[in-house]
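J.: Predicted model, plus sequence, below.
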Amino acid sequence: MGSECEFALKSHSAIERGKPFLLIIMDGWGENLEDDYNGVYMAGTGFLKSLKAGYPDRWRTIKAHGTAVGLPSDADMGNSEVGHNAMGAGKVINQGAALVDTALANGNIFTDAGFEYIKEAFDNGGTLHLIGLLSDGGVHSRYDQLDLFMRGAHERGANKIRVHPLTDGRDVPDGSSVQFVEQLEKDLADLRAKGCDARIASGGGRMHVTMDRYEADWKIVERGWHAHVLGEAPHKFQSALEALVELKKADPKVNDQYYPPWVIVDEDGEAVGPVQDGDAVVIFNFRADRVVELSKAFEYPDFDKFDRVRYPKVHFVGMMQYDGDLKLPARYLVTPPVIEKTSGVYLVKNGVRTFACSETQKFGHVTFFWNGNRSGKLDDKLETYFEVPSDLCPFNEKPLMKAREIRDAAKAAILSGKHDYIRINFANGDMVGHTGVFDAVLDACSVVDECVKDLVDAIDSVGGSYMITADHGNADDMVQRNKKKEPLRDENGNPLPLTSHTLAPVPVMIGGPALPSNVRFRRDLPKAGLANITATFMNMLGFEAPSDYEPTLLEVVSV
Ligand SMILES: O=C(O)[C@H](O)COP(=O)(O)O
Ligand SMILES: [Mn+2]
Ligand SMILES: [Mn+2]
C-alpha cells in the first residue's frame, strides 16, 4: 500500500474532523422527468423532495452514465459496478466493457496468455464452451463482443463451439431474449457454413440460473452447473427458441430473468454440449459480481458449496480476472482495470473509523466495488463491514427489502460514537426497479425516503454531517418509451415496463450541523460525475482530497 506519508492527507480549511459523517447511496435512484412513470417522483418521497430546496447550494445532480463513469459511450447506462468504483476511487476508470472492445479491436485478446491457454484445449480436439449473459445491455456482457470472439476463435482453430446463454430481461426489455437467441442462431449458422460445429447447448434465466451474486443463493449456480456442465435440466428441447417459447407457454409468469434451466438435446435425447475433460470454458461476462461463484465452481478442486457430481478437467478462463485478491480465475482473456489508491485506502491510513453496511444484494457494492474490486477489509481494526442477509424472493414481493434493518444498523453505528464514517447502500430503488412492477417500486422508494429521514435525524442529533446520492438511475423511469419519450404500450394498452437502469443523472445532497454554513456546492462544474463525490466526501470528513482525484464539488465562501 506504500508508505504512510505517501497517504497523509492535509486538513480541510473549513471543515473539522471528529463528527460522524453519513454517506447514503440510494441504488437505482435517478433525477428524471417528473411524470406518472417516475417511481421516485410518484412515491411517498416527501423528505427527499424537501431537500431539493437546498438547490443550488446543497442539492445538485451529477452524471452517472457513459464516459463520465468510464463506459465506452454516452449511450451506455450506468451500473453499480462502475458507479461504486468511481465513487470509491475518485477517478474515472476505463471499465471492463471498454477494455474488451480495445482487446478485440487490436487483436490482443487472441494473442495474450489466456487465449493461448484455451487454444491448447481446442488444438487437441476439445470443445470451446462460452457461458454468459446474452444481450447488448453492456452491464455484464455485450453480444457483439461474444460474436467477434466466437468468429476469432474459430479462425484460430476452434472447430467445435457450444454456447450456454443466460437470458437477460433486466438490462434490456423483458421478451428481448427471443431476438438475441435468433441473432445468435444466425451467427452460429454462419460459423457452421464455415465448417465449425457450432451450437447452443444449454441456458436459463440469469436470476434463476448461474448468475447469483455475493453468495445470496448457491442453488442458482448449482442449477447452472447441472445444465451447462452436466447437460442435465428438467426441461429438454431441440432448439433454444423452442425452449423460450414452450417454457413461456407452459407458465406465462416465466420471464427472461427467471427462465428455468434448459438443455438442448439431439434426436436421441442426448445433451449436445455437456462440458468434458479436455474442453475449454470461457465465461464471456466482463463484470465480476455475478460470475465469481461459477468461476469458483470451475476453478477450485475442493469446492464445497454444492455437489458438482462431475468435475471435468478443463482449460477455464474468464473474460477478465474477476477478483484480483483471490486471483480468480487464474487465467483470463483481458486484464481488468487497475484501481489503486482508493478513498478507502487513504482514509484508513489517516485513522478514519468506517462502518460499511448493506444487504447481501448490495453488500459487495459498498465494500468490494467501493474498494476498487478488492475483497476483504482494508484495515481490520478501523473498519466494520456489516451485511444484512437479503430475502430470497423476487423483490416485487417484498419491496421494503432490508431497508429498515440497514437503517437500524446505521443508526446504532451513528449513535455509538465508534465510527467516523458510516457508508450504506439502500438496494430498493434498483432491485425493485428491475422487476418492472410499478406499485412495488412505489413502496420501495417510500421506505428509502422514510429510512433516509430517520438517519438524517440521527446524524443531526449527534452534530454530524451527511451526503445522500445514488449510483445510477432505475426507479426514476419505469416505462419503455419511443424516441419522442412517449410511453410504449402493449396490445391491451398497458404500459410496457422498463426493467433496466436509466441514463438519468443522480442527485447529491449534503447537510447536517457539522457542515459549516459557508460551505456550499460550487457552480463551475456543470459536467461533474460520480467520481467528483469522492473528493467532496473526503472534505466532509475533514481532509483535502488527493490532488489526482476529480475535483471536489464544494467551495468555501466568505461570510
Ligand atoms: O446485475 C444486475 O442486477 C443488473 O444487471 C445491474 O444492476 P446493478 O448494476 O445495479 O447491480
Ligand atoms: Mn446499482
Ligand atoms: Mn441494477
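T.: Good, I have the coordinates. Residues are numbered from 1 along each chain as shown. Ligands and ions are numbered 1, 2, ... in the order given.
J.: Whatever helix or strand H84 lives in near ligand 2 anywhere?
T.: Using DSSP states H and E, H84 maps to helix 80-89. Yes. Applying CB under 5 Å from the ion, one finds helix 80-89 touching ligand 2 at S80. Quick note: C-beta positions are derived from backbone N, CA and C, even for glycine.
J.: Let me know the average pLDDT across that helix.
T.: Averaged over helix 80-89, pLDDT sits at 97.
J.: So which other helices or strands are in contact with it?
T.: Counting contacts by 3 or more CB pairs under 8 Å, 6 or more residues apart in numbering; DSSP states H and E, helix 80-89 is packed against helix 343-349, helix 532-540.
J.: Near V178, how many other residues are there?
T.: As a burial measure, V178 scores 15 neighbours (other CB atoms under 10 Å).
J.: what do you get for E34?
T.: 10.
J.: where's the nearest residue to K219 once chain neighbours are set aside relative to S358, distance?
T.: By the measure of CB to CB, 6 or more residues apart in numbering, the closest residue to K219 outside its immediate chain neighbours is F306, 7.5 Å from it. As judged by CB to CB, to the nearest Å, F306 and S358 stand 25 Å apart.
J.: So for those two, which residue has more residues nearby?
T.: Between F306 and S358, counted using other CB under 10 Å, the more crowded position is S358 (28 against 15).
J.: could you list every residue that touches that one?
T.: Residues near S358 by CB atoms under 8 Å, 6 or more residues apart in numbering: H365, V366, E387, V388, I406, I424, N425, F426, A427.
J.: So what's the residue count around the fifth one?
T.: Translated: I406. For I406, the neighbour count with other CB under 10 Å is 26.
J.: and if you look at the fourth one?
T.: Each residue near V388 was counted by other CB under 10 Å, and the total is 21.
J.: Tell me what it is bridged to.
T.: Applying DSSP bridges to V388 yields these beta-bridge partners: E359.
J.: Chain neighbours aside, what residue packs nearest to whatever residue of the stretch 201-350 of the chain ends up closest to ligand 2?
T.: Residue nearest to ligand 2 within the stretch 201-350 of the chain (CB to the ion): D289, separated by 10.5 Å. Nearest residue to D289 in three dimensions, chain neighbours excluded: R213, at 4.3 Å (CB to CB, 6+ apart).
J.: Repeat that for L498.
T.: Leaving aside its sequence neighbours, L498 sits nearest to Q480 (CB to CB, 6+ apart; 5.0 Å).
J.: now the one you found: how far from G96?
T.: Look at Q480 and G96: by CB to CB, they are 26 Å apart.
J.: Between the two, which has more neighbouring residues?
T.: Neighbour totals were compared for Q480 and G96, and G96 leads with 28 against 18 (other CB under 10 Å).
J.: Need the three-state assignment for the closest residue to the more buried one other than its chain neighbours.
T.: Of all residues not flanking G96 in the chain, F286 sits nearest, at 3.5 Å (CB to CB, 6+ apart). In three-state terms, and counting by DSSP: H, G, I helix; E, B strand; the rest coil, F286 is coil.
J.: Do I have it right that F286 meets A97?
T.: Yes. Using CB atoms under 8 Å, F286 makes contact with A97 at a distance of 6.0 Å.
J.: Looking at these two, which one has more neighbours?
T.: F286 (29 against 23).
J.: Could you find the two of the contacts of S358 that are most distant from each other?
T.: E387 and F426 (14.2 Å; CB to CB).
J.: Neighbour count for the two, which is higher?
T.: Applying other CB under 10 Å to E387 and F426 shows that F426 carries more neighbours, namely 32 against 20.
J.: where's D307 relative to W29, distance?
T.: Going from D307 to W29 by CB to CB gives 40 Å.
J.: neighbour count winner among those two?
T.: Higher neighbour count among D307 and W29: W29, with 33 against 9, using other CB under 10 Å.
J.: For G132, which non-adjacent residue is closest in space?
T.: In space, and not counting its chain neighbours, G132 is closest to F284: 3.8 Å by CB to CB, 6+ apart.
J.: and the one you found, what is it in contact with?
T.: Residues in contact with F284, defined by CB under 8 Å, 6+ apart, are L130, I131, G132, S141, Q145, L146, F149, M319.
J.: cool, and L525?
T.: Contacts of L525 by CB under 8 Å, 6+ apart are N532, P551, L553.
J.: for the residue nearest to G114 when sequence neighbours are not counted, helix, strand, or coil?
T.: Spatial nearest neighbour of G114, chain neighbours left out: L333 (4.1 Å); criterion: CB to CB, 6+ apart. Under the three-state scheme (three-state DSSP), L333 adopts strand.
J.: Report the contact partners of L333.
T.: V100, A103, I109, D112, G114, F115, V282, V317, G318, M319, M320.
J.: Could you verify my assumption that N371 touches Y346?
T.: No. The criterion here is CB under 8 Å, and N371 misses it with Y346 at 11.5 Å.
J.: before we move on, back to that, the residue nearest to G132 and S446: what is the separation?
T.: Per CB to CB, F284 is found 39 Å from S446.
J.: Check V69 too.
T.: According to CB to CB, V69 stands 28 Å off from S446.
J.: what's the answer for G83, then?
T.: Note on G83: its distance to S446, by CB to CB, is 23 Å.
J.: which of those two has more neighbours?
T.: Of the pair G83 and S446, G83 is the one with more neighbours under other CB under 10 Å, namely 27 against 20.
J.: Nearest spatial neighbour of that one, chain-adjacent residues omitted?
T.: Per CB to CB, 6+ apart, closest to G83 is D471, 3.2 Å.
J.: Quick one: residues contacting whichever residue of the chain sits closest to ligand 2.
T.: Residue nearest to ligand 2 within the chain: S80 (3.1 Å; CB to the ion). S80 makes contact with D27, D289, K362, H365, F369, D430, D471, H472 under the criterion CB under 8 Å, 6+ apart.
J.: OK, contacts around the fifth one?
T.: Residues near F369 by CB under 8 Å, 6+ apart: S80, E81, H84, N85, G88, D289.
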